[in-house]
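> Fold the following for me, if possible:
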Amino acid sequence: MSTPHGDILTPAFVAVGTKGTVKSLTPEEIREAGSQVVLANTYHLYLQPGDKIIKEAGGLHKFMNWGGPTFTDSGGFQAFSLGVAYGNGIGKFIAANEPDQEIMERLKEENKPARLDNESVSGGEKLAERKSKVTEEGVEFVSVLDGSKHFMSPEDSIRIQNDIGADMIFALDEFTSPHADHAKIKATIERTERWAKRCLEAHKKGLTPDPSPKERGDRFGWDTAIKLKFRNLQEQALLFRKNPTEAEKILWERLRGNFNGLHFRRQHVVGHFIVDFVCLANGLVIEVDGDIHDDQVERDQERTNFLEQSGFKVVRFRNEEVLNNVDVVIKQIIGILKALPLGEGLGGASSQALFGIVQGGRHEDLRKQSAKSIGNMDFDGFGIGGTFVKEDMATAVHWVNEVLPEEKPRHLLGVGEPVDLILGVEEGCDTFDCVAPTRIARNGTLYTRNGKINITNAKYSNFFEPIEKGCGCYTCKNYTCAYVSHLFRAKEMLAATLASIHNLYFLNNLMTEIRQSILDGKFTELKEEFLGKYKS
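Numbering: from 1, shown residues only. Reported below is the predicted structural model:
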């Protein structure tokens, strides 16, 4: 997956940095633990410090000093966790044999108005003290920080994520209880589909600002641009990539990869144009012109006006300049890049990929209905969300991935246990995110090839070996179980850091092994070996 902040080798685990930080770790430690990409939380960043502050800081990457790719979720799960799930201990997973009658009795308050005034409940009972409610227009909720009231529509979620400036963002979805019946979940996925269309429209408006009638002209007007299928533009761009001019081929050989510390794309769709080369992080467009451009000066100027209005600097070279002395061209490009502040050229919507979310709970027909509807929309990728039966998660993912377009990435939301990663990859998922590795680390629970251990157990207090022999993480290379156990018992902050480094490395290293096994044609062997040893 190519992003303005670098490529992601897939399949990959995404580290969760809810509030713009992976708890207890610096960006350098995150990178050293093997993480390629970080996911932040729209709901929490909106409340604190606020999306406008992050935008003013230059976007999420600058704000948290993370140079790699980023995701932000939409805030949909928080509407659920602070609404019907609030105080009820309900998550996205349910055991196949878990009785739900008692829980459903506790959720009778679901259809009553939400308590948005934060008033106390008689008898101290908090189960009904819901802090959010969902309507067709969006989500009304109370801040967990100060009790202030807020409202987030699908359009608001996109605008906030545009301000935050992550590379990949998600459409707002409605998340409901895993105990909900078929009719309730069907209503949920249909609302999610309606919201998805609104998110796409909002994102495209942010992606292509409306020029004045004089600037847009008759041939390349805004009305025409809206009617053009983005997918058709992508297909045309793909043809251009397969059939470059000689000058484009030569220049791409110099720009591809990590050119001057930056990432370039070729034949990339911006608005309703396809540009030859673009560095999204710096907002630089490079065009290589042949003789045909002598006859389309006005059209090229209109194209340049549009790109500059969208925040790009446009530089043009003639074919002959590249063919005769590409070194001179490269020096000019480097000089131009140095004069452009990182992130100032584009920012926001124009550089972001928007993912739609598939729901459907435990029901095959609803999963496939949602996948078909969302899969037919012009999203850049797809998130597989909603609730799952723990034992049948892979089955539900299989239903969805049978329907979703194969050429676009699939992200499995909120799933990241080692076994789930392997099963998710087997069913066609590309990326995964989960708070589990750092959350359980802070409680002293650590991953090993044989399953989880609790480092606070007495047997580790004088065990002078690493957490796992052969592990390449910083913690295992430098510290013993006895020391890490001591830190937890002494309630030292370093305990959470060392444990989190190990768990994050464990999952990232597992994904590295999975990627290599796929390349070697040995994924099945890796799966069987790992599952044969690992005890959940």
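> Show me what the helix or strand hosting residue 314 is packed up against.
Here residue 314, judged by DSSP states H and E, is contained in strand 313-318. For strand 313-318, the packing partners by 3 or more Cβ pairs under 8 Å, 6 or more residues apart in numbering; DSSP states H and E come out as strand 284-289, helix 297-309, helix 326-338. Just so you know, the C-beta spots here come from the backbone N, C-alpha and C atoms, and that holds for glycine as well.
> quick one: which of these is nearest residue 316?
strand 284-289 (4.7 Å; Cβ to Cβ).
> about what we covered before: residue 201: which of the helices and strands packed on strand 313-318 is closest?
Closest approach to residue 201 among the helices and strands packed on strand 313-318 (Cβ to Cβ): helix 297-309, 19.5 Å.
> What are the buried residues along the closest one?
Buried residues in helix 297-309, counted by 16 or more other Cβ atoms under 10 Å: 300, 302-307.
> Now distance to residue 472 too, for the helices and strands packed on strand 313-318, in a markdown table please.
Listed next are the helices and strands packed on strand 313-318 as a markdown table, based on distance: least, Cβ to Cβ, whole Å:
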| stretch | distance to residue 472 |
| --- | --- |
| strand 284-289 | 38 |
| helix 297-309 | 45 |
| helix 326-338 | 35 |
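> And these: which comes nearest residue 377?
For these, the distance to residue 377 is smallest for helix 297-309, at 24.7 Å, taking Cβ to Cβ.
> Which segments of the chain make up each domain?
Split into domains by automatic domain parsing, the chain comes to 2-206+352-434, 230-349, 439-533.
> From the ones you listed, pick the one with the highest average neighbour count.
domain 2-206+352-434 (a mean of 20; mean count of other Cβ atoms under 10 Å).
> Can you give me the end-to-end span of that one?
22 Å (Cα to Cα, to the nearest Å).
> So, low pLDDT: which residues of the protein?
Where the chain drops to pLDDT under 70, the residues are 79-130, 207-231, 292-296, 341-350.
> again, only using 50
The model of the chain has pLDDT under 50 over residues 99, 101-129, 208-228, 343-348.
> longest helix of it?
Longest helix in the chain, counting residues (DSSP state H): helix 493-520.
> And the next helix or strand past that one?
Remark: after helix 493-520, the chain's next helix or strand is helix 523-533, criterion DSSP H and E.
> Can I get that next one as CSV, trimmed to CA atoms?
Extracted in CSV, the C-alpha atoms of helix 523-533 (Å, rounded to 0.1, in the frame of the first residue of the first chain):
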residue,chain,number,x,y,z
PHE,A,523,1.9,-20.0,4.6
THR,A,524,0.0,-23.2,5.5
GLU,A,525,3.1,-24.6,7.1
LEU,A,526,3.7,-21.5,9.2
LYS,A,527,0.0,-21.4,10.2
GLU,A,528,0.0,-25.1,11.4
GLU,A,529,3.3,-24.7,13.2
PHE,A,530,2.2,-21.5,15.0
LEU,A,531,-1.3,-22.7,16.0
GLY,A,532,0.1,-26.0,17.1
LYS,A,533,2.2,-24.3,19.8
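> Packing partners of it?
Judged by 3+ Cβ pairs under 8 Å, 6+ apart, the packing partners of helix 523-533 are helix 418-426, helix 493-520.
> Please give me every residue in contact with the closest residue to residue 1 other than its chain neighbours.
Sequence neighbours aside, residue 8 is the residue nearest to residue 1 in space, at 4.3 Å (criterion: Cβ to Cβ, 6 or more residues apart in numbering). Contact analysis of residue 8 by Cβ atoms under 8 Å, 6 or more residues apart in numbering lists 1, 36-37, 69, 431.
> likewise residue 354?
With the criterion set at Cβ under 8 Å, 6+ apart, residue 354 makes contact with 158, 168-171, 199-200, 203, 379-380.
> now swap in residue 495 and tell me
Here residue 495 is in contact with 444, 484, 487-488 (Cβ under 8 Å, 6+ apart).
> now for those residues, which pair is the farthest apart?
444 and 487 (9.4 Å).
> Three-state assignment for the most centrally placed residue in the chain, please.
Closest to where the C-alpha atoms of the chain average out (Cα atoms, centre = their mean) is residue 71, at 2.9 Å. The three-state label given to residue 71 by DSSP: H, G, I helix; E, B strand; the rest coil is strand.
> I figured it hits residue 14, correct?
Yes - Residue 71 lies in contact with residue 14 (Cβ atoms under 8 Å); the separation is 6.1 Å.
> Find residues that contact each of the two.
By Cβ under 8 Å, 6+ apart, residue 71 and residue 14 have these common neighbours: 37-39, 411, 433.
> among those, which are in strands?
Those of these mapping onto strands are 38-39, 411, 433, per DSSP state E.
> These into JSON lines, with extra columns for distance to residue 282?
Listed next are these as JSON lines, based on distance: Cβ to Cβ, whole Å:
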{"residue": "38", "distance to residue 282": "21"}
{"residue": "39", "distance to residue 282": "24"}
{"residue": "411", "distance to residue 282": "27"}
{"residue": "433", "distance to residue 282": "27"}
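> Among those residues, find me the one that's closest to residue 194.
Using Cβ to Cβ, residue 411 comes nearest to residue 194 of those, at 21.4 Å.
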